[in-house]
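Enquirer: give me coordinates for this.
(chains A and B)
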Protein chains: 2
Amino acid sequence: MDALTQYLESHQEQFLEDLKAVLRIPSVSTEPQYKEDMLRCARHVADDFRKAGMTRVEIVPTAGHPVVYAEWLGAPGKPTALLYGHYDVQPVDPLELWQTQPFEPTIRDGKLYARGACDDKGQVYMHVAAIQAHMKVNGRLPINLKCVIEGEEEAGSDNLEKFLREWRKQLDADVIVVSDTGMLGPDQPALCYGLRGLVYTQIDVTGPARDLHSGEFGGAVQNPANALCAIVAGLKDSDGRITVPGFYDRVKPLTQAERDVLGRVPFDEPGFIHEAGSPVAFGEKGYTTLERVWVRPTCDVNGLVSGYIGEGAKTVLPSFASAKVSMRLVPDQDPKDLFARFEAHVRKLAPPGVTLKVHDLHSAPPFMTDFDHPMLQAAVRALARSWPKPPAMIREGGSIPVMATFKETHGLPSILMGFGLADDNLHAPNEKYNLTSFHGGTKSCAYLYEELAKGA
Amino acid sequence: MDALTQYLESHQEQFLEDLKAVLRIPSVSTEPQYKEDMLRCARHVADDFRKAGMTRVEIVPTAGHPVVYAEWLGAPGKPTALLYGHYDVQPVDPLELWQTQPFEPTIRDGKLYARGACDDKGQVYMHVAAIQAHMKVNGRLPINLKCVIEGEEEAGSDNLEKFLREWRKQLDADVIVVSDTGMLGPDQPALCYGLRGLVYTQIDVTGPARDLHSGEFGGAVQNPANALCAIVAGLKDSDGRITVPGFYDRVKPLTQAERDVLGRVPFDEPGFIHEAGSPVAFGEKGYTTLERVWVRPTCDVNGLVSGYIGEGAKTVLPSFASAKVSMRLVPDQDPKDLFARFEAHVRKLAPPGVTLKVHDLHSAPPFMTDFDHPMLQAAVRALARSWPKPPAMIREGGSIPVMATFKETHGLPSILMGFGLADDNLHAPNEKYNLTSFHGGTKSCAYLYEELAKGA
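Expert: Residues are numbered from 1 along each chain as shown, chains lettered A, B, ... in the order given. Sure, this is the predicted structure:
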């Protein structure tokens, strides 16, 4: 066993304690009451990069939450990797469904439970550990490394693009490395070469100027909640196809060759549906479950609210109804184009007697990279060294909006090497990260730096 | 001016203070945290009836909130009236939309603002004042009077029927008097001879066992919020007709004669729609606004909730979605029959991949009385004495569930003589009661006892 591996294995306990410390900070970027905690978290992450051995560490203010920047450039002639991650986390509600408190990291049955355990603090801290290991064992990294850890990924990364543009030259690199994706199973690593994009909207429907008595006025005026349901129901047909005109125009058709590749992915469909806890698989007609989540666009309601939502009965005819509706996009759909089409379609679906506002809350274009690229092949070797099975080449259904921005600002090949699992409860109560993912992933990160250094 | 009228006019200030005192008690029957306040309110109302001169006053416990009973039987040979009202009020949310606190009664511009100001404490206290006036001026009432003031009207009157059955003999009377309805305008009194019924349901849709990441799982499983919208949208067609099979089977067809009577009601349609604050009138094709709210059934969403309803974006695929959906019924529709039909229809509308629960939260049959009845004619005279315009004979769109129970337990003619206005914000923020309604209504109640005594 080489000295690096030995160090990595003998320091697992300390790596875990370092991760738990950052998980205790409630860095929820979308909720204003956590503003101070966000800053505290940025400082904490910066300190940990500094302790690991990075030579230049900065907390860079933005119009929103700050970016943590860390670099080590002591390997002239070697490739430079630009690592991206985020220290912000999703909101925790409904809090009552958590078995243990979201910001009190707890280990149960080989899994670390906390908000952000996997998404994305757990994955960022694999790199912090890998950096520390190289520094302690060799006094240096095998490559040059620049780290950008942002605080607004869960809030739409509103201020990251400006930062990337302003720092464009300082962030020059040969490859982008992101650990914010998943594995196919606890011992099946994966490299992701495609992500879906996103258009996240909010439809606000106003009927009467105030809540009315449903007996006194019911039947005589349009009910905005009924209207909203009619609009949402009109967004898809009975085959699960989205009815927004032109929605599928720019979707790359799925070739038989791609279907064959997808068919070979070791994907456990019954296990996936079981993890979801749904009674049955359900989706667009004519596609497999894997195709539905990786290569087909979607239209999902993320939230609904109107009128009286307390216990029992209140005979109110509500003044207002609102739905959060998001669409996952695939290459080559364009978020701006689709939001405009979506809004026009929603307006067409709206019955008379209500006024509408349709908001574009945030968006990200879909992303794909060439999976034969030599940088990606370095990652394949790193994973092969650290896991029992060779990595699967996959796509993912989620979005990492910044990938599109990076492509635009830096135009670099990207390695999406992540270790999340389907049952990690991302964005839901009881988020967790398997310790096998954390420790195995830490090794993969450490080896990745070595493999990239070998010249991809 | 007779002594009674003189007393009524000179004691308006005191009557108002008495009403304000009871409005300060937050007697919200549907929310468990107000249980103690409910009891406090019952005691307060009982005390006020006692002070007014009623000889037997009791607080009668039920399985829920108690009933206040008060009687005066000192007029042998004269008719006995059974007065019904309620001391419980609707919840107050959204609290932030109230201009002044709901339980701090405030007078602005000749109107008394408070939760319950009109519905129904304000209307009950017109009778308390009328009783006091008769007692002070004449030492007696012109008729025998039994008062049943319940505490669960806004919660479905679950325990009233049992009380009415158990007290059936003690509550024997010649006529039922209810002040819980409205006028057509500030100087246009009305007598109501028909009310719509109600079936109030809750549709709970469960998809995945937990909230999912909409990127990771979106497209592969049924989204319960999308499913709920499809169900709700399927409850009506584009003409506003309800699609539940058999829904209209027992609706009495509207004859031309009835349409003519309705056409003569001094109803200000533009004013009504303006009061609603809706951009336009909207409802079932082929009917006028007045017909839509008085003689046609409805199906309205009262509340919707699912997934993330906070600020900003959360990419969750919700586990659960729920809608409160209520139907207003007209003679001779039957709530039990219609709930069964509704549930069956909802189950048929539900797409695959979700499980459903459909709850019958509460219901009331529609109600009508003969508007030529002599007891009602006594009320016509009482109103004619106290208001500048003769009363209009109307129906109402709301429900007083207990009317059907009274009909079953006592089979008596009923006088629905109320003084609410369309802009009183019943069940909404900023509920109010015009002082002209309160003081004019108090006179009408006092005169009603006299007119009933004259022999209807």
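Enquirer: and the stretch 1-150 of chain A, which residues reach chain B?
Expert: By C-beta under 8 Å from any C-beta of the partner chain, the residues of the stretch 1-150 of chain A that approach chain B are A:30-31, A:90-91, A:93, A:97. The way it works is simple: take the backbone N, C-alpha and C, and place the C-beta from them, glycine included.
Enquirer: and those residues, which is closest to A:P66?
Expert: Using C-beta to C-beta, A:T30 is the member of those that lies nearest A:P66, at 15.9 Å.
Enquirer: got a list of what that closest one touches?
Expert: With contact taken as C-beta atoms under 8 Å, 6 or more residues apart in numbering or on different chains, A:T30 is in contact with A:90-91, A:154-155, B:310-314.
Enquirer: how close does A:Q123 sit to A:H11?
Expert: Distance of A:Q123 to A:H11, given as C-beta to C-beta, to the nearest Å: 18 Å.
Enquirer: over to A:A340?
Expert: According to C-beta to C-beta, A:A340 stands 52 Å off from A:H11.
Enquirer: between those two, which one's more packed in?
Expert: A:H11 (17 against 14; other C-beta atoms under 10 Å in any protein chain shown).
Enquirer: quick one: contacts for the more buried one?
Expert: A:129, A:132-133.
Enquirer: in ChimeraX, select just the buried ones from the contacts of A:T30.
Expert: The following ChimeraX line selects those of the contacts of A:T30 that are buried, judged by 16 or more other C-beta atoms under 10 Å in any protein chain shown:
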select /A:90,91,154,155 /B:312,313,314
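Enquirer: Throw the contacts of A:T30 into CSV and include distance to B:V244, thanks.
Expert: CSV is the format used below for the contacts of A:T30 (distance: C-beta to C-beta, whole Å):
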residue, distance to B:V244
A:Q90, 40
A:P91, 38
A:E154, 42
A:A155, 43
B:G310, 34
B:E311, 37
B:G312, 38
B:A313, 36
B:K314, 35
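Enquirer: which one of the contacts of A:T30 is nearest A:E166?
Expert: Closest to A:E166 out of the contacts of A:T30 is A:A155 (19.5 Å), distances taken as C-beta to C-beta.
Enquirer: just read off the phi/psi values of that closest one.
Expert: When read as degrees, to the nearest 10, the backbone of A:A155 gives phi -120, psi 10.
Enquirer: and if you look at A:K121?
Expert: Torsion angles at A:K121 (phi, psi; degrees, to the nearest 10) stand at phi -60, psi -40.
Enquirer: what's the burial count for it?
Expert: 28.
Enquirer: ok so, going back, strands - which of the contacts of A:T30 land there?
Expert: Of those, none are assigned to strands by DSSP state E.
Enquirer: from the contacts of A:T30, which is closest to A:D180?
Expert: Minimum distance to A:D180 across those is 11.1 Å, recorded for A:E154 (C-beta to C-beta).
Enquirer: need the contact list for that closest one.
Expert: Per C-beta under 8 Å, 6+ apart, neighbours of A:E154: A:28-30, A:86, A:88-90.
Enquirer: name the helices or strands packed onto whichever strand or helix holds A:G263?
Expert: Element membership for A:G263 (DSSP states H and E) is helix A:256-264. The elements that helix A:256-264 packs onto, with contact taken as 3 or more C-beta pairs under 8 Å, 6 or more residues apart in numbering or on different chains; DSSP states H and E, are helix A:289-294.
Enquirer: strands paired with the helix or strand following the helix it packs on, and their directions?
Expert: Per DSSP H and E, the first helix or strand lying C-terminal to helix A:289-294 is strand A:300-307. Strand pairing for strand A:300-307, determined by DSSP bridges: strand A:320-329 (antiparallel), strand B:300-307 (antiparallel).
Enquirer: need these in JSON lines (columns: mean neighbour count).
Expert: Listed next are these as JSON lines, based on neighbours: other C-beta atoms under 10 Å in any protein chain shown:
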{"stretch": "strand A:320-329", "mean neighbour count": "26"}
{"stretch": "strand B:300-307", "mean neighbour count": "26"}
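Enquirer: export those strands as a markdown table, with columns for mean pLDDT.
Expert: Below are the strands paired with strand A:300-307 laid out as a markdown table (pLDDT from 0 to 100):
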| stretch | mean pLDDT |
| --- | --- |
| strand A:320-329 | 98 |
| strand B:300-307 | 98 |
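Enquirer: still on that earlier bit, now, which of the contacts of A:E154 sits nearest chain B?
Expert: Proximity of those to chain B, judged by C-beta to the nearest C-beta, is greatest for A:T30, which lies at 4.3 Å.
Enquirer: give me the buried subset of the contacts of A:E154.
Expert: A:28-30, A:86, A:88-90.
Enquirer: tell me the one of the contacts of A:E154 nearest A:D174?
Expert: Using C-beta to C-beta, the contacts of A:E154 come closest to A:D174 at A:H86, 22.1 Å.
Enquirer: with adjacent residues omitted, what lies nearest to the closest one?
Expert: Of all residues not flanking A:H86 in the chain, A:E153 sits nearest, at 3.5 Å (C-beta to C-beta, 6 or more residues apart in numbering or on different chains).
Enquirer: I'd say that neighbour and A:G116 touch.
Expert: No. Counting by C-beta atoms under 8 Å, A:E153 does not reach A:G116; the two are 10.9 Å apart.
Enquirer: give me the more crowded residue out of those two.
Expert: More neighbours surround A:G116 than the other of A:E153 and A:G116, with 32 against 25 (other C-beta under 10 Å).
Enquirer: give the contact list for A:E9.
Expert: A:M1.
Enquirer: apologies, that question was intended for A:K162.
Expert: A:62-63 are the contacts of A:K162 under C-beta under 8 Å, 6+ apart.
Enquirer: determine how far the helix or strand encompassing it lies from the middle of the whole chain.
Expert: Remark: A:K162 resides in helix A:160-166, with elements defined by DSSP H and E. Averaging C-alpha positions (C-alpha atoms, centre = their mean, to the nearest Å) puts helix A:160-166 19 Å from its chain's average.
Enquirer: what's the mean pLDDT across the helix or strand just after that helix?
Expert: Later in the chain than helix A:160-166, the nearest helix or strand by DSSP H and E is strand A:175-178. Strand A:175-178 carries an average pLDDT of 94.
Enquirer: and stretch A:283-291, by the same measure?
Expert: On average, stretch A:283-291 scores 94.
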